[in-house]
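K.L.:
Got a sequence here, can you model it:
(2 chains)
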Protein chains: 2
Amino acid sequence: MNTLVSPVSADAVIPARGAIGDVAAVVERLAREGRAAQRELARMTSEARASALRFAAEALRDAAPIILEANAQDVADGVAAGLSSAMVDRLKLDSARIEAIAATVAQVASLDDPVGQVMDETHRPNGMTLRRVRVPIGLIGIIYESRPNVTADAAALCVRSGNAALLRGGSEAVRSNSAIHSALVAGLVAGGVPAAAVQLMPTQDRAAVGAMLAAAGLIDMIVPRGGKSLVARVQADARVPVLAHLDGINHTFVDRAADPAMARDIALNAKMRRTGVCGAMETLLVDALFPDPQGLVAPLLDAGCELRGDARACAIDFRIAPADADDWDTEYLDAVLSVAVVDGLDGALSHIATHASGHTDAIVTDDSDAAARFLSEVDSAIVMHNASSQFADGGEFGLGAEIGIATGRLHARGPVALEGLTTYKWLVLGSGQVRP
Amino acid sequence: MNTLVSPVSADAVIPARGAIGDVAAVVERLAREGRAAQRELARMTSEARASALRFAAEALRDAAPIILEANAQDVADGVAAGLSSAMVDRLKLDSARIEAIAATVAQVASLDDPVGQVMDETHRPNGMTLRRVRVPIGLIGIIYESRPNVTADAAALCVRSGNAALLRGGSEAVRSNSAIHSALVAGLVAGGVPAAAVQLMPTQDRAAVGAMLAAAGLIDMIVPRGGKSLVARVQADARVPVLAHLDGINHTFVDRAADPAMARDIALNAKMRRTGVCGAMETLLVDALFPDPQGLVAPLLDAGCELRGDARACAIDFRIAPADADDWDTEYLDAVLSVAVVDGLDGALSHIATHASGHTDAIVTDDSDAAARFLSEVDSAIVMHNASSQFADGGEFGLGAEIGIATGRLHARGPVALEGLTTYKWLVLGSGQVRP
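P.N.:
Here you go, the predicted structure:
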């Protein structure tokens, strides 16, 4: 057992809680230990890392009673502290959820390892061979809230791709995270992974988050997993590169040449399948020449979705309320949808260029020229033709899992899984070449 | 003529020079104009962008007398202000240098365009096709010093890859940069590129650099080109992602199984071919069991290189002076070299892990196992076997050009050319799929 993981011992390792200098020193020490462990991890074979993850999955299953007990305490504390029922639901584990956590770790073990892949190889006229090979990024910081499964999911993705993880979960899940982390690390260590390859921040001091965000050169990348306020804070304060998305203000444009039945089904699914996911549609754009706008919006209204429209949209159905200016920039994550009637593809492109958050935007049309222009000119991480934006997910993309969805422009965009947790280096293979 | 490019008119567009609020507003306006121009640029065909660059190359040739006159004023001012002769040399243009600038622009036009390349394509069981395609990053900020050729080189690479450029050159080259920029933009505009695709900051106010570094969301990436103090400032202050290297503390390890003649030739070339380039060797590591250390160091000493060694290195040749602790972390960029005798590959790996800057490190050996371990375990952007570190260069790597060399871990590493100026988006091609 790693003594750092127990909340009981956390006070012992941090003599003066709340003193930022001390917290920064703790982060620096953990980061240095994590980096050293990562170098060991990178020297293990891919199969050895996969095997260790399978041990970790078994250790999680074995520790289910301990994890459930820890979780019950977190839930009781949360209820006493007045956590919302949605927060308590995210926090609460049962046997099925623990099995799902273990199964995810085992499944990540079975994913193809990008490390060592040769991206390209060229031969120079002087006889040198150049090869780019994928290597782990290094130490990944994960800052997350409430859902204890992130402790295992994120750590598994990091270990599979040869990275070390420094985890910082939310205070409401401190016992659950610690129990999951202890089991996971015990399994990994049994499989030959150094314990410091996956570390859990041993303090809930908020200054620890600031110290992680400031740890340029010690932490190579930060992935925030949680609500918008967490992501916004991380993006605003980080000196370390951040992989994240802030908003998913996703548009579906129903072109004049859309098949009405397909448009109806896609719009209903894109909004209502699950309203709280980042791939949910938040704005429906309807071509003024689309022949059946009533048939498009009625199923949404009938399904209990609140619609807020511009003047032309309000004329489609009396149940559509007038939108105000903020609606076009709002990610509802709820059964609410803004609707605008636009003048053809150009109107849609203009609306999207102004209001989209660069996450996922879709066109429904049978006009291949319109589709091609939309796919080319909409500059979002994911652009779709005749599909529901709810497919914006690493699992649905066949990536096996995802560490997150990124809307930044560098390194990785859209669903990010193992490949996004790697970088590359250049190998130059010579036979004594010197530069003239 | 773009009125923003003339230093004569710079005062006119910035009512209150030195007031940071105003400079930030100028940067914001230029960035918004640049972003709008970038969207137009991205809609042009690759051939149209290439053709515009060929026009720009011709315009640079045509403007040679104007550029030379502007440059002569800069040089005169620089000499009067006491610029070092090295700085004046970097600043000074002649007909041959202008022809080289134009030729580089024309050569960039001929490079393969990464934009639109399909990185991969997968087919999902539900019938959807997923495709990742390369797209431009957006607006690239280039902050550079003294060498006026960067004005054309960097802009050409950006335009070739569909990016807009916001250039901020050094005050000592203000007239030269402006003249080059004017000619370049005139050529680009003749080729159909919007003028704002390549903008030159119309003020030398240092606050403008700060405003560029702070312009997250407006500028997508910053590339600093210049000395260490410039790069260090950019890296320390930027809120925008930075592509750069701070140091090139490059090691060459001569293993016990190195061919002595090859080791001698590589070491001499890696240090002395050009001492001021970032790929120059700065530390020579010699295996204690390498049979001919004297034959390795003597040619360097004979060529006028100052050697500073640890105790064992000083025993090789009486001309080697003792190194102090700082030497192992110093990028000399001069005819100075630190030399350490290490205990085999493990000693070399340990020294490199402690002191390397992640740029370029090389092993010389005929032992393929030792080479494999070195290539695997040294975590630098470029790792070499039996080649001179002076090959660390985009041109030598066959990339056609380079915007810079990056030692960060995300997005791009090592020599960065057109591919590193792109990102990707996901296309999802469906036929009405909704998510169950």
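
K.L.:
would you say A:Leu429 is within a strand?
P.N.:
Yes: counting by DSSP: H, G, I helix; E, B strand; the rest coil, A:Leu429 is part of a strand.

K.L.:
Show me the beta-bridge partners of it.
P.N.:
When assigned by DSSP bridges, A:Leu429 has beta-bridge partners A:Thr129, B:His385.

K.L.:
Please list all residues in contact with it.
P.N.:
In this structure, A:Leu429 makes contact with A:Met128, A:Thr129, A:Leu130, A:Arg131, B:Met384, B:His385, B:Asn386, B:Ala387, judged by CB atoms under 8 Å, 6 or more residues apart in numbering or on different chains. Placement of C-beta: from N, CA and C, glycine included.

K.L.:
is it true that the second one touches A:Thr122?
P.N.:
Yes: using CB atoms under 8 Å, A:Thr129 is in contact with A:Thr122, at 7.4 Å.

K.L.:
and those two? which has more neighbours close in?
P.N.:
Using other CB atoms under 10 Å in any protein chain shown as the criterion, A:Thr129 and A:Thr122 rank with A:Thr129 on top: 15 against 12.

K.L.:
picking up where we left off before, quick one, which of the contacts of A:Leu429 are buried?
P.N.:
Taking 16 or more other CB atoms under 10 Å in any protein chain shown as the criterion, what is buried in these is A:Met128, A:Leu130, A:Arg131, B:Met384, B:His385, B:Asn386, B:Ala387.

K.L.:
Could I get the residues you listed in JSON lines, plus columns for pLDDT and distance to B:Asp346?
P.N.:
Formatted as JSON lines, the buried ones among the contacts of A:Leu429 follow (pLDDT from 0 to 100; distance: CB to CB, whole Å):
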{"residue": "A:Met128", "pLDDT": "98", "distance to B:Asp346": "27"}
{"residue": "A:Leu130", "pLDDT": "98", "distance to B:Asp346": "27"}
{"residue": "A:Arg131", "pLDDT": "98", "distance to B:Asp346": "24"}
{"residue": "B:Met384", "pLDDT": "98", "distance to B:Asp346": "19"}
{"residue": "B:His385", "pLDDT": "98", "distance to B:Asp346": "17"}
{"residue": "B:Asn386", "pLDDT": "98", "distance to B:Asp346": "20"}
{"residue": "B:Ala387", "pLDDT": "98", "distance to B:Asp346": "22"}
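
K.L.:
I'd like to know which of these is nearest to B:Ala190.
P.N.:
Of all the buried ones among the contacts of A:Leu429, B:Ala190 sits closest to A:Leu130, with 37.1 Å by CB to CB.

K.L.:
excluding its backbone neighbours, what's nearest that closest one?
P.N.:
Leaving aside its sequence neighbours, A:Leu130 sits nearest to A:Thr122 (CB to CB, 6 or more residues apart in numbering or on different chains; 4.8 Å).

K.L.:
does the one you found count as helix, strand or coil?
P.N.:
strand.

K.L.:
Make JSON lines from the buried ones among the contacts of A:Leu429 and add distance to A:Ala392 to it.
P.N.:
Shown next, in JSON lines, are the buried ones among the contacts of A:Leu429 (distance: CB to CB, whole Å):
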{"residue": "A:Met128", "distance to A:Ala392": "42"}
{"residue": "A:Leu130", "distance to A:Ala392": "36"}
{"residue": "A:Arg131", "distance to A:Ala392": "34"}
{"residue": "B:Met384", "distance to A:Ala392": "41"}
{"residue": "B:His385", "distance to A:Ala392": "43"}
{"residue": "B:Asn386", "distance to A:Ala392": "47"}
{"residue": "B:Ala387", "distance to A:Ala392": "44"}
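
K.L.:
quick one: which of the contacts of A:Leu429 is nearest to B:Arg32?
P.N.:
Among the contacts of A:Leu429, and counting by CB to CB, the member closest to B:Arg32 is A:Leu130, at 39.4 Å.

K.L.:
Could you measure from that closest one over to A:Leu418?
P.N.:
Separation of A:Leu130 from A:Leu418 (CB to CB, to the nearest Å): 24 Å.

K.L.:
Beyond the helix ranked longest in chain A, next helix or strand please.
P.N.:
Of all the segments assigned as helix in chain A under DSSP state H, the longest by residue count is helix A:20-43. Following helix A:20-43 in sequence order, the next helix or strand is helix A:46-62 (DSSP states H and E).

K.L.:
and that next one with chain B, contact?
P.N.:
No: contact of helix A:46-62 with chain B (CB under 8 Å from any CB of the partner chain) is absent, the minimum separation being 12.8 Å.

K.L.:
What are the contacting residues of that helix?
P.N.:
With contact meaning CB under 8 Å, 6+ apart, helix A:46-62 is reached by A:41, A:44, A:67, A:98-99, A:101-103, A:105-106, A:108-110, A:113, A:115-116, A:152, A:156, A:159-160, A:162, A:180, A:183-188, A:190-193.

K.L.:
Give me the mean pLDDT for stretch A:31-38.
P.N.:
Mean pLDDT, stretch A:31-38: 97.

K.L.:
ok, now stretch A:353-367?
P.N.:
Per-region confidence: stretch A:353-367 scores 97 on mean pLDDT.

K.L.:
could you dump it to CSV, C-alpha only?
P.N.:
Extracted in CSV, the C-alpha atoms of stretch A:353-367 (Å, rounded to 0.1, in the frame of the first residue of the first chain):
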residue,chain,number,x,y,z
ALA,A,353,-18.8,30.9,-37.4
THR,A,354,-20.2,33.4,-34.9
HIS,A,355,-21.6,31.1,-32.2
ALA,A,356,-20.0,27.6,-32.4
SER,A,357,-17.6,26.4,-29.8
GLY,A,358,-15.5,24.3,-32.1
HIS,A,359,-16.8,21.0,-30.8
THR,A,360,-19.3,19.2,-33.1
ASP,A,361,-21.4,20.7,-35.9
ALA,A,362,-23.5,18.8,-38.4
ILE,A,363,-25.4,19.2,-41.7
VAL,A,364,-28.4,17.1,-42.8
THR,A,365,-28.7,17.2,-46.6
ASP,A,366,-28.9,15.1,-49.7
ASP,A,367,-27.0,17.8,-51.6
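
K.L.:
gap between that stretch and the chain center?
P.N.:
Offset of stretch A:353-367 from its chain centre (CA atoms, centre = their mean, to the nearest Å): 21 Å.
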